[in-house]
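1. give me a 3D structure for the following:
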Amino acid sequence: MSRRRVQLLVSAAAWLGFVVITVWTMAFLAGVVVPRTVDGPHRTTTVHAIAVDLALVLFFAVQHSVMARRQVKSWLRRWIPAALERTTYVLATDICLALLLVLWQPWGGRIWQVEGWLSVIAWSLFAVGWALAVCSTFAVDHLELVGLRQAGWAAARDPGQTADLYVGGLYAVVRHPLMTGLVLAFWATPRMGASHLVFALAATGYIAVGIRFEERDLRTTFGAAYDDYAARVPAVVPRLPDRA
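-> Prediction:
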């Protein structure tokens with residue numbers, strides 16, 4: 001089998017894993033379809049459950065942050081083809097999230113539960129959050145984000161296009177639309193249990209840290225242009241652009 005074909009197959013597997021994990025996480029948080037959910041039946045003691053859950057979130061956070069650093073990317077290029085660098089990142093993320101979803105330990109009681117129209121609003125916000133998160137992956141370049149373009153599934157982008165800071169579409173109202181969507185999806189639920197609360201708090205905390213790292217990299221890359229953009233557009237809470 002040729003090297004190019006291997007790259008295409010591996011990158012396709014990583015993308016398929018990305019899709020499966022995304023849908024799986026939706027069901028995990030909604031408490032439907034999948035056998036293990038964020039607020040499912042207790043399977044161990046509370047102390048053990050909290051320790052396992054926090055360790056799983058930390059494991060994902062370390063992988064997701066460390067592998068995104070430029071120094072680590074440079075190191076990875078010594079061992080894997082440059083075309084599979086992003087694919088390797090996506091595969092590692094798929095594995096870490098799959099472990100979190102399989103090994104998560106529910107515990108504790110109900111924090112809140114709403115019915116009727118409040119429940120409808122909560123599920124609607126949940127859906128909006130996931131829709132925003134998914135749409136944000138296409139706002140710039142979905143194929144590049146998941147490693148398909150680099151592996152050869154599509155032509156490389158014009159370097160002139162990637163050199164400029166993109167501030168249109170969703171990015172005109174919020175700097176990190178993916179994170180906005182995820183935070184909304186993590187918190188919007190008509191039934192919030194204690195283990196779901198820990199998941200939402202830990203994931204939101206990681207997102208806050210991750211945004212700081214990403215903002216630092218963006219300022220290094222784009223300089224004053226990003227400073228001006230950040231002064232006009234909020235990081236996570238959307239703000240509609242002013243009308244002339």
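2. next structured bit after the helix or strand bottoming out on mean pLDDT in the chain?
-> When the helices and strands of the chain are scored by mean pLDDT, DSSP states H and E, helix 159-162 comes last with a mean of 61. Next helix or strand after helix 159-162 toward the C-terminus (DSSP states H and E): helix 177-187.
3. for that next one, list the C-alpha coordinates in PDB.
-> Presented in PDB, the C-alpha positions along helix 177-187 are these (Å, rounded to 0.1, in the frame of the first residue of the first chain):
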ATOM      1  CA  PRO A 177     -17.300  30.300  18.700                       C
ATOM      2  CA  LEU A 178     -16.400  26.700  19.300                       C
ATOM      3  CA  MET A 179     -15.700  27.300  22.900                       C
ATOM      4  CA  THR A 180     -18.900  29.300  23.300                       C
ATOM      5  CA  GLY A 181     -20.900  26.400  21.800                       C
ATOM      6  CA  LEU A 182     -19.300  23.800  24.000                       C
ATOM      7  CA  VAL A 183     -19.800  25.800  27.200                       C
ATOM      8  CA  LEU A 184     -23.500  26.300  26.400                       C
ATOM      9  CA  ALA A 185     -23.800  22.600  25.600                       C
ATOM     10  CA  PHE A 186     -22.100  21.500  28.800                       C
ATOM     11  CA  TRP A 187     -24.400  23.700  31.100                       C
END
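4. who's in contact with that helix?
-> Contact with helix 177-187 is made by 26, 29, 125-126, 128-137, 139, 170-171, 174, 199-200, 203-204, 207, 210-211, 236-238, as judged by Cβ atoms under 8 Å, 6 or more residues apart in numbering. Just so you know, the C-beta spots here come from the backbone N, C-alpha and C atoms, and that holds for glycine as well.
5. cool, stretch 24-42 as well?
-> By Cβ under 8 Å, 6+ apart, stretch 24-42 touches 49, 97-98, 101-102, 104, 106-107, 126, 130, 185-186, 189, 191, 193-196, 199.
6. what subset of the residues you listed is buried?
-> Buried by 16 or more other Cβ atoms under 10 Å: 49, 97, 101, 104, 106-107, 126, 130, 185-186, 189, 191, 193-196, 199, out of the contacts of stretch 24-42.
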